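Undergrad: Turn this into a model:
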Amino acid sequence: MVIAYIIACVFFIVGIKKLNHPNTARQGNMLSAFGMLIAVVAVFFESEVTASWNTSNWVQNGYLWCFLAIAIGSAIGLVWSKKVKMTGMPELVAIYNGFGGLASALVAFSQFLKDPDGSNMSEAIAIGLTIFIGSMAFSGSMLAFGKLSERITGRAIVFKGQKAINLVFVLACVAGMIIYVIPGIDTGTKFLAIVMLTAISLIFGVTFVLPIGGGDMPVVISLMNSLSGLAVVSAGFIISNTVLIVSGSLVGASGIILTLIMCKAMNRSIGNLLFSGFGATDAVSKGGPQSEPKAVSTEDAYLILEAAGSVVFIPGYGMAVAQAQHVVKELAEKLEENGAEVSFAVHPVAGRMPGHMNVLLAEADVPYEQLKTMEEINPSMPTQDVAIVIGANDVVNPAAETDEASPIYGMPIIKAHEARTVFVLKRGKGRGFSGIDNELFYMQNTLMVYGDAKATISSLAGEFTAN
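TA: Numbers count the residues shown, from 1 in each chain. The predicted structure follows:
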């Protein structure tokens with residue numbers, strides 16, 4: 001079975017490598033899934049498993065329940081993947097992160113029931129860590145799901161003494177792990193310690209994510225992804241499974257690397273992101289009280305676009321909500337037929353999960369060559385005739401450069417305000433998911449186009465067709 005596990009690990013590594021490019025991402029996902037299939041099948045041929053294999057006692061030996069669980073889980077995954085909309089992907093990723101942590105915690109708890117005395121020191125340490133990290137990842141991911149799906153407020157929730165309470169929770173979890181690991185303590189006390197560890201870890205996952213909200217939610221997803229990977233690594237040590245150790249290490253490492261990359265993109269430390277309570281209070285930009293955004297109709301917007309020689313689209317979560325990526329592609333094609341040079345500027349933290357905008361644009365078959373990073377597009381922004389901001393807020397907010405009192409001050413942004421004309425497509429006059437007012441909306445070169453983004457862009461594309 002060692003060879004099968006090595007083959008599975010190779011599929012994981014190659015699959016992750018192929019995720020680097022949109023053109024090979026789907027293939028990479030399939031390779032990784034096939035690797036996991038090999039690993040799952042190989043488990044049933046482990047010597048410890050085959051030794052107890054008895055077709056007449058499937059229920060007693062647990063194999064029937066294993067096969068039933070695999071069948072049910074596969075059916076749910078298949079149906080869910082078919083029905084989920086692109087706007088629901090962030091929530092889906094959050095749930096999957098949580099389930100990964102929960103599965104690892106359950107593996108650890110089952111091993112604890114098998115050896116409640118913790119006679120194997122290294123295994124006992126792994127059990128404690130797996131329950132702590134896995135339970136925390138589960139409850140934290142479920143709260144992230146609630147915020148992303150707007151079942152609860154997406155803003156940061158802070159209260160007095162929150163950091164001190166979180167510290168107490170961490171110390172209590174450490175105490176629970178120590179009690180379980182120390183030899184000589186009676187089984188009943190160790191059982192209570194594990195129960196306490198599980199309960200407090202679940203609570204800590206919630207209190208850990210509560211003060212994170214707004215534009216920081218994509219980073220929460222990648223961080224929870226990393227934690228679920230670490231839980232899988234610990235679970236792998238518990239049951240001596242190489243595939244779990246390798247796959248968990250890949251997930252944990254890639255998740256924390258992505259988290260740090262996104263923190264760098266916002267010019268914030270991971271500590272500031274986790275503990276600052278970003279978005280907990282309302283923030284008003286300098287421009288808000290002094291002026292009113294200028295609104296235009298789609299007909300007037302068309303006249304400006306028709307004369308434009310260069311246009312850059314800057315997508316945000318509003319494009320995902322409106323499911324406007326396909327009509328955006330249609331409008332881009334109309335602009336190119338009219339002689340305009342078209343590009344798409346994607347900020348690293350746009351949307352509500354890592355790579356959210358890249359996924360949407362790839363789904364609409366937008367050429368990868370037209371996608372520009374923040375560093376690539378900003379030097380040419382003053383030469384752009386029109387910048388079309390679709391539902392983005394923080395990633396184009398000039399307050400990040402001009403207002404030291406703003407919560408996002410210092411965060412690198414796409415400098416849409418430097419374009420000759422800026423169209424901002426918004427559903428209404430609210431501040432959006434982050435709750436921060438945007439100075440861009442009040443600038444002289446900014447024109448607001450209110451309404452559903454999909455309908456607005458479709459109308460603009462229709463104007464080009466009609467004329």
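Undergrad: Okay, strands next: where are they in the stretch 201-350 of the chain?
TA: 310-315, 341-346 (DSSP state E, counting those that start in this stretch).
Undergrad: so Val243 makes contact with Ala235?
TA: No. Look at Val243 against Ala235 with C-beta atoms under 8 Å: they stay out of range, at 11.0 Å. C-beta here means a position set from N, CA and C on the backbone, and glycine is covered the same way.
Undergrad: between the two, who's got more neighbours?
TA: Shown here are Val243 and Ala235; by other C-beta atoms under 10 Å, Ala235 has more neighbours (29 against 23).
Undergrad: what residue ranges in the protein score low on pLDDT?
TA: The chain contains residues with pLDDT under 70 at 47-62, 214-215, 273-291, 428-435.
Undergrad: So which bits of the longest helix seen in it are buried?
TA: Looking across the chain with DSSP state H, the single longest helix is helix 121-148. Using 16 or more other C-beta atoms under 10 Å as the test for burial, helix 121-148 gives 123-148.
Undergrad: Next: stretch 166-184.
TA: Per 16+ other C-beta under 10 Å, stretch 166-184 contains these buried residues: 166, 169-170, 172-173, 176-177, 179-181.
Undergrad: what angle sits between the helix or strand where Gly176 lies and helix 121-148?
TA: Using DSSP states H and E, Gly176 sits in helix 162-181. Calculated by axes from the mean of the first three to the mean of the last three C-alpha atoms, to 10 degrees, helix 162-181 forms an angle of 150 degrees with helix 121-148.
Undergrad: Which residues does helix 162-181 contact?
TA: Here helix 162-181 makes contact (C-beta atoms under 8 Å, 6 or more residues apart in numbering) with 112, 118, 121, 124-125, 127-129, 132, 185, 189-190, 193-194, 196-197, 200-201, 203-204, 207-208, 210-211, 275.
Undergrad: Give me the buried subset of those residues.
TA: 112, 118, 124-125, 127-129, 132, 190, 193-194, 196-197, 200-201, 203-204, 207-208, 210-211, 275.
Undergrad: In helices, which of those residues appear?
TA: If you go by DSSP H, the buried ones among the contacts of helix 162-181 have 112, 124-125, 127-129, 132, 190, 193-194, 196-197, 200-201, 203-204, 207-208, 275 in helices.
Undergrad: ranges for the helices of the stretch 351-467 of the chain?
TA: 356-363, 374-377, 399-402, 453-466 (DSSP state H, counting those that start in this stretch).
Undergrad: Equivalent analysis for the stretch 201-350 of the chain, please.
TA: 217-239, 242-265, 270-275, 298-306, 317-322, 325-337.
Undergrad: could you check the angle helix 356-363 makes with the last one?
TA: Going back to what we said before, that points to helix 325-337. 70 degrees.
Undergrad: If you count neighbours, what's buried in helix 325-337?
TA: Counting neighbours by 16+ other C-beta under 10 Å, helix 325-337 gives 325-332, 334-335 as buried.
Undergrad: what's the offset of that helix from the middle of its chain?
TA: Mean-position distance between helix 325-337 and its chain equals 28 Å (C-alpha atoms, centre = their mean, to the nearest Å).
Undergrad: which strands and helices sit next to that helix?
TA: strand 310-315, strand 341-346, helix 356-363, helix 453-466 (3 or more C-beta pairs under 8 Å, 6 or more residues apart in numbering; DSSP states H and E).
Undergrad: rewinding a little: mean neighbour count, the strands of the stretch 201-350 of the chain: which tops it?
TA: Most buried of those, by mean neighbour count (mean count of other C-beta atoms under 10 Å): strand 310-315, with a mean of 26.
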